[in-house]
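K.L.:
the following block contains a protein sequence and its predicted model.
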Amino acid sequence: MLEIFVDADACPVKEEIYRIARRHGLRVRVVSNSWMRVPLDPQLELVVVDKQFNQADDWIAERAGEDDIVISADIPLAARCLRNGARVLGPTGRAFTEDSIGEALATRELLATLREAGEETRGPPPFTRRDRSRFLQRLDDMIRAIQRRRARG
C-alpha cells in the first residue's frame, strides 16, 4: 500500500497532507523528534523518534520504499529515499528526482562551505500561498501517477 512519510518537525503543510491522504485513502506516518498533535484518524500515525541527530531521517529512509512518497525539504534525506525507489516532494512543491538530486546536493554543499568560510548566505525565501498551492497540486498529481502506474500493472 502506498504510504506517505512526513519529515514533520518543520513541515508547514501537514494539514494539507492529511486532507489529500484522506481523499485518496492513504496511510500517513508523521515522523518527529518530539510529540505533536496529529488528528485522530486510523490512517495517520505519529512516530516519535529519539532526539539524536538525523534520527527521524534514518527512520524514514529505512522504511520508505518503492512508490512511497516522502515529504521533506531535507536534501540528503531526499537522496537516500530516492535510492530506495520512493518519490520525494518538498513542502514548496519541488519534486526531487534522480536527475535533480545531484545538483541539489552540490548546491547545498557549496552553501555550507561558504557559510563555514564566513560568507553570509540567504536562507530559503518565506513560505507563500503559491508554495502551498503548488505543493497541493504536485502531491495530488504524484499520487495519481503512482495509482495509474499500479493499475496498469
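P.N.:
In hand now; what should we look at? Residues are numbered from 1 along each chain as shown.
K.L.:
so what's residue 143 up against?
P.N.:
Shown in contact with residue 143 (CB atoms under 8 Å, 6 or more residues apart in numbering): 2, 20, 24, 26, 69. (C-beta placed from N, C-alpha, C; glycine too.)
K.L.:
repeat that for residue 30.
P.N.:
Neighbouring residues of residue 30 by CB under 8 Å, 6+ apart: 6, 8, 14, 36, 38, 44-47.
K.L.:
how about 6 Å then?
P.N.:
Residue 30 is in contact with 6, 8, 38, 46, counting by CB atoms under 6 Å, 6 or more residues apart in numbering.
K.L.:
distance from the chain centre to the helix or strand containing residue 139, please.
P.N.:
Residue 139 is part of helix 129-152, with elements assigned from DSSP states H and E. Helix 129-152 sits 13 Å away from the centroid of its parent chain (CA atoms, centre = their mean, to the nearest Å).
K.L.:
and stretch 52-61, by the same measure?
P.N.:
How far stretch 52-61 lies from its chain's middle: 13 Å, per CA atoms, centre = their mean.
K.L.:
stretch 35-45 now?
P.N.:
Its chain's C-alpha centre and that of stretch 35-45 lie 17 Å apart, by CA atoms, centre = their mean.
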